[in-house]
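Q: A structural model of the following input is requested.
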Amino acid sequence: MTTSRPGERDLRPGERGDLLNPLCPTRQLLDRIGTKWTSMAVKVLAEEEAPGEIRFADLRRRIPGISQKMLSVTLHSLVHDGLVARRVEPTVPPSVHYRLTELGLSLEGPLSALRVWAETHMPEINRSNQLADEPPAHH
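A: The predicted structure follows:
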């Protein structure tokens with residue numbers, strides 16, 4: 001794994017990072033995979049039937065609210081990290097297909113659990129936000 005800062009040490013295969021270490025590249029990875037767009041893209045890609053590929057335009061249609069640029073940035077990051085494979089058909093215009101790799105498929109479980117947690121606890125979070133936003137009571 002390549003690190004992004006001078007003085008960082010590359011992690012060897014099978015070696016775990018240390019999230020609390022400010023120099024650990026795990027922090028940057030979590031920044032990339034912890035976005036709502038990544039979670040949605042992985043979900044849509046994981047739902048695709050064999051061969052598991054989906055075209056860019058179809059992926060964009062299935063992720064409400066994502067811009068073309070944000071989808072492109074998200075997919076580029078996922079491809080760069082080896083979580084998604086990209087295949088280009090030499091047509092005019094080129095047809096670009098994406099699918100999860102084995103590594104990407106292994107990410108779907110944890111992201112799914114996080115999505116379920118968020119959906120389940122959103123009412124509690126909303127109540128807490130409303131209480132926190134209320135002006136203090138005057139006695």
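Q: so Glu89 sits against Glu53, correct?
A: No - with contact defined as Cβ atoms under 8 Å, Glu89 does not count as touching Glu53 (10.4 Å). To be clear about C-beta, it is placed using only N, CA and C from the backbone, and glycine gets the same treatment.
Q: these two: which is more packed in?
A: Using other Cβ atoms under 10 Å as the criterion, Glu89 and Glu53 rank with Glu53 on top: 18 against 10.
Q: check the more buried one and give its pLDDT.
A: You'll see Glu53 listed with a pLDDT of 93.
Q: correct me if wrong: it contacts Val96.
A: No - using Cβ under 8 Å, Glu53 is not in contact with Val96; the gap is 9.8 Å.
Q: mind listing the shared neighbours of these two?
A: Here Glu53 and Val96 share the contacting residues Arg87, scored by Cβ atoms under 8 Å, 6 or more residues apart in numbering.
Q: the chain: strands as residue ranges?
A: For the chain, the strands defined by DSSP state E cover 54-55, 84-89, 95-100.
Q: so where is this structure shaky, pLDDT-wise?
A: Applying pLDDT under 70 to the chain picks out residues 1-11, 13-14, 50-51, 139.
Q: center of it, which residue is that?
A: Thr38 (2.3 Å; Cα atoms, centre = their mean).
Q: circling back: which residues do Glu89 and Glu53 both contact?
A: With Cβ under 8 Å, 6+ apart, Glu89 and Glu53 have common neighbours His97.
Q: now find how far off-centre stretch 46-64 is within its chain.
A: 15 Å (Cα atoms, centre = their mean, to the nearest Å).
Q: grab the CA positions of that stretch and hand them over as PDB.
A: Extracted in PDB, the C-alpha atoms of stretch 46-64 (Å, rounded to 0.1, in the frame of the first residue of the first chain):
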ATOM      1  CA  ALA A  46     -24.000  -5.300  -4.900                       C
ATOM      2  CA  GLU A  47     -27.600  -5.600  -6.000                       C
ATOM      3  CA  GLU A  48     -26.700  -6.200  -9.700                       C
ATOM      4  CA  GLU A  49     -27.300  -9.700 -11.000                       C
ATOM      5  CA  ALA A  50     -24.600 -11.700 -12.700                       C
ATOM      6  CA  PRO A  51     -22.300 -10.600 -14.300                       C
ATOM      7  CA  GLY A  52     -22.800  -7.800 -11.800                       C
ATOM      8  CA  GLU A  53     -22.000  -5.000 -14.100                       C
ATOM      9  CA  ILE A  54     -23.800  -1.800 -14.500                       C
ATOM     10  CA  ARG A  55     -23.300   1.100 -16.900                       C
ATOM     11  CA  PHE A  56     -22.500   4.600 -15.600                       C
ATOM     12  CA  ALA A  57     -25.800   6.100 -16.700                       C
ATOM     13  CA  ASP A  58     -27.800   3.300 -15.100                       C
ATOM     14  CA  LEU A  59     -25.800   3.700 -11.900                       C
ATOM     15  CA  ARG A  60     -26.500   7.400 -11.800                       C
ATOM     16  CA  ARG A  61     -30.200   6.900 -12.400                       C
ATOM     17  CA  ARG A  62     -30.400   4.500  -9.400                       C
ATOM     18  CA  ILE A  63     -28.600   6.900  -7.000                       C
ATOM     19  CA  PRO A  64     -31.000   9.800  -6.500                       C
END
